[in-house]
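Participant: how would this look folded up:
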Amino acid sequence: MSAIANIIYGLAGIIHSLVGVYIWMVILAALMSWIPPFSSNSLVQMLIRVKHAIEPFLIRIVEPAYVLVRRYIPTSFNGIDLAPLVIIIGLQVADLVLYSILVAVASKF
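Facilitator: Presented below is the predicted three-dimensional model:
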């Protein structure tokens, strides 16, 4: 296997890993949106503190994808926002296609 093929395989692996991390960020942001803003339950209060610490970062990272999806696809059905689901499916498809293309290109070297 040539050095170029190794570089392409490495690039494919890095892109695959980054897409996976971004998918988990979308999932975490969606789960954080379900945490109520106030509660007397001590477990929920702990989750609220974690939410306030993490949410600004997640929103800054995930919101551009939400805006892009919501601009072209109506994702709110009966009060449920399906934008995270659309983003995750789109990222999975893009990851599969891009990874397959890069591996096919690497196998040519």
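
Participant: From now on I want contacts and neighbour counts done on CA atoms only, so please keep to that.
Facilitator: Noted.

Participant: worst-scoring helix or strand of this structure, pLDDT-wise?
Facilitator: strand 76-77 (a mean of 87; mean pLDDT, DSSP states H and E).

Participant: so how far is it off the chain centroid?
Facilitator: 20 Å (C-alpha atoms, centre = their mean, to the nearest Å).

Participant: Paired strands for that strand, with orientation please.
Facilitator: Partner strands for strand 76-77, per DSSP bridges, with pairing direction: strand 80-81 (antiparallel).

Participant: Okay, helices next: where are they in the chain?
Facilitator: 3-32, 42-72, 83-107 (DSSP state H).

Participant: got those helices as JSON lines, with mean pLDDT and mean neighbour count columns?
Facilitator: Formatted as JSON lines, these follow (pLDDT from 0 to 100; neighbours: other C-alpha atoms under 10 Å):
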{"stretch": "helix 3-32", "mean pLDDT": "95", "mean neighbour count": "16"}
{"stretch": "helix 42-72", "mean pLDDT": "93", "mean neighbour count": "14"}
{"stretch": "helix 83-107", "mean pLDDT": "95", "mean neighbour count": "16"}
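
Participant: before we move on, back to that, give me the contacts around the least confident helix or strand of the chain.
Facilitator: 82-83 (C-alpha atoms under 8 Å, 6 or more residues apart in numbering).

Participant: So for the residue nearest the centre of the chain, what's the nearest residue that isn't a sequence neighbour?
Facilitator: Centroid check for the chain by C-alpha atoms, centre = their mean gives residue 23 as the closest residue, at 2.4 Å. Leaving aside its chain neighbours, residue 23 sits nearest to residue 88 (5.9 Å; criterion: C-alpha to C-alpha, 6 or more residues apart in numbering).
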